[in-house]
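Trainee: how would this look folded up:
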Amino acid sequence: MKDRNKLSTSMIKYVGKNCHTSAASYSAANVIARHSKPFQEGEFLKEAWLACAPLLFDDFDNKDKIIQRIKGTPLSRNTIKERILKLVGNVTDQQKIDINSSPFISLCLDESTDVTKSARLAVFARYCVGNVIKEELIGTTSLLTTTKGTNTCTVVKNSLAEKEIDLKKIVSVTTDGAPSMVGKKNGFISLFQTDVGHSILEFHCIIHQQALCAKSDLTSLDNVMAVVAKKVNLISSQALNKRKFDALLDEVKSVYNGLLIYNNVRWLSRGNVLQRFVDCLEEIRLFLQNEGEIEQYPQLLDVMWLSKLMFFTDICQRFNELKVKLQGTNKTIIVMIDIIRAFDAKLHVFRNDIITRNYKYFPNLKKNINDFDIHEKPGEETVTEKFISVIDSSINEFSARFSQFKELSETLKFIIYPDVTSFDKLNLSRFDWLEIEEFEMQLIDFQSSSIWIQKFIETRKELELIETGRLTSNISKNANNKILETWNSLPDTFNCLKKLARVILTIFSSTYACESLFSEMNNIKDSLRNRKQMTDDSSSACILLKVTSKAMRIHAIINRATV
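Mentor: Numbering: from 1, shown residues only. Purely as a prediction, here's the structure:
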């Protein structure tokens, strides 16, 4: 009997020790995945721990026991890979429970090519659970053949099926607006809507539309960018020229240590490239003079061309400011639309600034024109007419591209202003699953109740504080959760109103989540890894662990394995 008890005690100790080392290896695997490190980093970690342990625990009585525990922790490449896949399985189980408890789900998807030249489709879901709005990665899948709407539709449906998501719960989809996504006959949205079985709201990413506006509006100034890019590449891409130019900047005590190279793919970077070029213009002229090449670039001495350069630089900086405001998380769709609406109004101010020739909002252009000689002044009218035309194009482009959001503006504001929104101003044509007649009756009851109206008056005060913190202190709090909490506090006698509010709160205003993901994807598949061994499953697993908000339930995984 004693022997049996001893054996039982030994087994308990052995299992307990194994549980601790297993938990440690799971934790290490999670860190490796979240930091985009190669799987073999586990062996490096173990070596580092073993090197540090004798020194770190030198005054511990159980130092040898600690070192033995580290030695017994499994951190081989294959073990790390296995641990990561099991962690993903646990995250997926949590996602299924959350998503299936939500009545409405919105999707955001975007396609990009990773560093291995593989087309990958990222799909995010946004949904409400209790008083919290959650965004979770559903999948990153390779498009093995083409990126047509039919292929995308198949991949998305498969990804949703893996998470056991009911298609009927899908209420909106946000994409990059590519033809394969929004084509009327064979576009993804059209095909997917047929499978869903009811109309869905389709949105073109606000950030992407803003970028397209900026790109298309300024094409008439592309020749300026071409000249700048050529000069920058001449100086920065050749090692000898770069060293000479850097030495020149150092000699004249410039605040800059070089030029910025223009990337046509990330073309919104051109604002920063142009500004650096303008700031270093005198040094660039001096460098080309020293190299005997100044005559090859007559534009640098042409006041009309320089005026275009300065205007281009100033207007690109304005678009960059807009881009920065739109990026990031925790912004309501109303805030995003307000940012666009404000910029639309600013374009009219910029136009008037050029017409009056005050150039308050074009500092580079103002400095250049102030340097005009008397005989060069007549040329000012010619170039300003060109600049007015460019701004007019921007105004028209913004009006056309954001017409959908203007049409839905009052409907989207309903989540914050239900007490003052007129039923007649609501555009409910895309909400055919909503009981419209019952909705109208409930809205009347709601707007006639002082108690429920007061709730939203108080909520708006809190939202003001949240927005003030975001603008003045860069404090990012989730205003959407506060709005959802208020709606959840209403009784179900207003269930139709609550349905509309929850649907609007789930809408993705942009594909920022997907776009941020692709840079992480490239880090995971970087040149330091053996890309042949980094399969789609492995890379997708690492990406999911990196972006998920779910806690790693390591002990639950271990307990399941030991049962």
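
Trainee: Which stretches in the stretch 451-563 of the chain count as strands?
Mentor: Using DSSP state E, counting those that start in this stretch, the stretch 451-563 of the chain contains no strands.

Trainee: An error on my part: the question was meant for the chain.
Mentor: For the chain, the strands defined by DSSP state E cover 105-113, 119-129, 132-142, 170-175, 201-204.

Trainee: Please identify the buried residues of the first one?
Mentor: What that stands for is strand 105-113. 105, 106, 107, 108, 109, 110, 111, 112 (16 or more other C-beta atoms under 10 Å). Using the backbone N, CA and C atoms, a C-beta is placed for each residue, glycine as well.

Trainee: right, and the first one touches residue 165 too?
Mentor: By that I understand residue 105. Yes. The criterion here is C-beta atoms under 8 Å, and residue 105 meets it with residue 165 at 6.6 Å.

Trainee: Kindly point out which residues are neighbours of both of those two.
Mentor: 99, 125 (C-beta atoms under 8 Å, 6 or more residues apart in numbering).

Trainee: re earlier: which of the buried residues of strand 105-113 sits closest to residue 538?
Mentor: residue 112 (18.5 Å; C-beta to C-beta).

Trainee: I'd like to know how far that closest one sits from residue 452.
Mentor: Note on residue 112: its distance to residue 452, by C-beta to C-beta, to the nearest Å, is 45 Å.

Trainee: thinking again about what came up before, among the buried residues of strand 105-113, which pair sits farthest apart?
Mentor: Applying C-beta to C-beta across the buried residues of strand 105-113, the maximum distance is between 105 and 112, 22.7 Å.

Trainee: Can you show me the helices along the stretch 251-400 of the chain?
Mentor: In the stretch 251-400 of the chain, the helices defined using DSSP state H, counting those that start in this stretch lie at 270-279, 281-290, 303-326, 333-355, 363-370, 378-401.

Trainee: dump the residue contacts of residue 99.
Mentor: So residue 99 contacts 105, 125, 127, 136, 163, 165 (C-beta under 8 Å, 6+ apart).

Trainee: If we use 7 Å, what do you get?
Mentor: Counting by C-beta atoms under 7 Å, 6 or more residues apart in numbering, residue 99 makes contact with 105, 125, 127, 163, 165.

Trainee: again, but for residue 148
Mentor: 180, 186.

Trainee: State the pLDDT value of it.
Mentor: Residue 148 carries a pLDDT value of 83.

Trainee: Please report how far it lies from residue 176.
Mentor: 15 Å.

Trainee: How about residue 189?
Mentor: 12 Å.

Trainee: Over to residue 497?
Mentor: Remark: distance between residue 497 and residue 176 (C-beta to C-beta) = 32 Å.

Trainee: Quick check, pLDDT for the closest residue to residue 351 other than its chain neighbours.
Mentor: What sits nearest to residue 351 in space, not counting adjacent residues and going by C-beta to C-beta, 6 or more residues apart in numbering, is residue 391, at 4.5 Å. Residue 391 carries a pLDDT value of 93.

Trainee: So residue 391 sits against residue 350, correct?
Mentor: Yes. Counting by C-beta atoms under 7 Å, residue 350 is a contact partner of residue 391 at 5.6 Å.

Trainee: Give me the domain ranges for this structure.
Mentor: With domains defined by the TED database, the chain comprises 1-81, 95-204+514-561, 211-406, 417-506.

Trainee: ranking the ones you listed by burial, who's on top?
Mentor: Looking across the domains of the chain with neighbours counted as mean count of other C-beta atoms under 10 Å, the highest average goes to domain 95-204+514-561: a mean of 18.

Trainee: returning to that earlier point: quick one: contacts for the residue nearest to residue 351?
Mentor: Residues in contact with residue 391 (C-beta under 7 Å, 6+ apart) are 347, 350, 351, 354.

Trainee: show me the contacts for residue 372.
Mentor: 303, 380.

Trainee: Quick check: it vs residue 201, distance?
Mentor: Residue 372 is 52 Å from residue 201, by C-beta to C-beta.
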